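Asks: only geometry, no sequence info:
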RNA sequence: GGACGGGUGGGUGAGUGGCUAAAACCAGCAGACUGUAAAUCUGCCGCUCCUUGCGGGCUACGGAGGUUCGAAUCCUCCCCCGUCCA
């Protein structure tokens, strides 16, 4: 039982091959975590996810608190049992929702007052309340509540949000020490600081001093250029404790995953493969393919000729395009399956490359193909 | 044979004198999506010309005429379709 994180190999680039042991299984890192906000990865059964060798899923505190309610999930035996996913789960705190539901919220040092997107009812989320919910849900990795702001934001505004997030992190840690069980759940702090290098450094140092078992980097990939995302990530990973896992929240595009890995990121998540799939955006070894386009109407080839997923082995582009045109559910199901396979396959290759110290050459090959 | 109702752009269907190349929806086409208020959203969608502009020309509301400065909208005749009565 309990948790253990170890870095097995470090590539010359700074990328780490690691392993995060949790009560529900071991996660090989760098890992990509498919997003299953409402305790489901849209369009995939748990069996599908196991077939894809998904190591860890993301679920969302905000959404599950509103529906069906954390107490209900607790009474059903916790999130793993409720959703029949006996493997690792990470719950995001709802901090990002605080950000994206901007018109419906009011943030103070106490917490966030917001309106439900479901029925307009008013709710209050504090760092403590978020943790209470996350403890009830019972995910393996849980996140502190943070305040995410848009990039770019002014330095004073960014400092305000970062300081608040830091204060919340401290309160979260204290709350978890009393009410949490470190053998059952691992609490991650979240570094903020926007696109301001000084603030990022300060925030990383201060958060690092709080001695969390793991660290996330938030507030990035929200509109700023990729180079900026990388620069900020790099600043932060250089300062975080080397023996703790680092989770870069909400990234990224397929060709970007490797960039983050080489900056020392161990965990990532993104809605792109799943949402994109539902919208007809398929990721392939030769770049993005918008399957709804008329040019695939009678294309007998698989989505990606290099891909070995069950969808590419069996179905043609013409068929998938037809499913989209007809508004068939299977379109989303098959596309999601392929996209997740594609993402997870890239991560597999990244781990392999780190193991053999060939990340840099793999990166040039990969990025040349995807662009 | 008679009485009503109706014929609008690829489809459904608003519009009853100018603000109408004509609402809205669908279909079609192109695109966006980075800790999921997203099976969503955005743009284009008669033809054509150019110095691409809240630009010009042409064609268009069953057909042909007419009234009017101006007609999808009003009048006349004709052709179709639906319902009912003989």
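Replies: Happy to help now that I have it. The shown structure was predicted, so the numbers you read here are calculated from the model rather than taken from an experiment.

Asks: Residue A:125 and residue A:210, how far apart?
Replies: 20 Å (CB to CB, to the nearest Å). In short, each C-beta sits where N, CA and C put it, glycine included.

Asks: Which residues belonging to stretch A:65-73 are considered buried?
Replies: If you call a residue buried by 16 or more other CB atoms under 10 Å, then stretch A:65-73 has these buried ones: A:65, A:66, A:70, A:73.

Asks: Can you get me the start-to-end distance on stretch A:11-23?
Replies: One end of stretch A:11-23 sits 28 Å from the other (CA to CA, to the nearest Å).

Asks: Stretch A:21-32 now?
Replies: Stretch A:21-32 has its terminal residues 15 Å apart, counting by CA to CA.

Asks: Could you give the separation of it from the chain centroid?
Replies: Using CA atoms, centre = their mean, to the nearest Å, the distance from the centre of stretch A:21-32 to the centre of the chain it belongs to is 14 Å.

Asks: In it, which residues are buried?
Replies: Buried residues in stretch A:21-32, counting neighbours by 16+ other CB under 10 Å, are found at A:21, A:22, A:24, A:27, A:28, A:29, A:30, A:31, A:32.

Asks: Would you state the strands of the stretch 251-371 of chain A in chain order?
Replies: Assigned strands in the stretch 251-371 of chain A, in chain order: A:267-270, A:281-284, A:287-290 (criterion: DSSP state E, counting those that start in this stretch).

Asks: Tell me the buried residues in the last one?
Replies: In terms of neighbour count (16+ other CB under 10 Å), strand A:287-290 has its buried residues at residue A:289.

Asks: Would you pull up how far that strand lies from the middle of the chain?
Replies: Relative to the centre of its chain, strand A:287-290 is centred 22 Å away, using CA atoms, centre = their mean.

Asks: what about it, near RNA strand B?
Replies: Yes: using CB under 7 Å from any atom of the strand, strand A:287-290 reaches RNA strand B at A:288, A:290.

Asks: sorry, back to before: can you tell me which of the buried residues of stretch A:65-73 is closest to RNA strand B?
Replies: Of all the buried residues of stretch A:65-73, residue A:66 has the smallest distance to RNA strand B: 9.5 Å, by CB to the nearest atom of the strand.

Asks: which phi and psi does that closest one have?
Replies: Residue A:66 adopts backbone torsions of phi -70, psi -40, taken as degrees, to the nearest 10.

Asks: rewinding a little: so which of the buried residues of stretch A:21-32 sit within helices?
Replies: In this view, the buried residues of stretch A:21-32 have no member that belongs to helices under DSSP state H.

Asks: Among those residues, which pair sits farthest apart?
Replies: Farthest apart among these by CB to CB are A:24 and A:30. That separation is 19.1 Å.

Asks: before we move on, the earlier item: quick one: which of residue A:125 and residue A:210 has more around it?
Replies: residue A:125 (24 against 15; other CB atoms under 10 Å).

Asks: Check the gap between the more buried one and residue A:143 for me.
Replies: Residue A:125 sits 13 Å away from residue A:143 when distances are taken as CB to CB.

Asks: and what of residue A:320?
Replies: Taken as CB to CB, the span from residue A:320 to residue A:143 is 35 Å.
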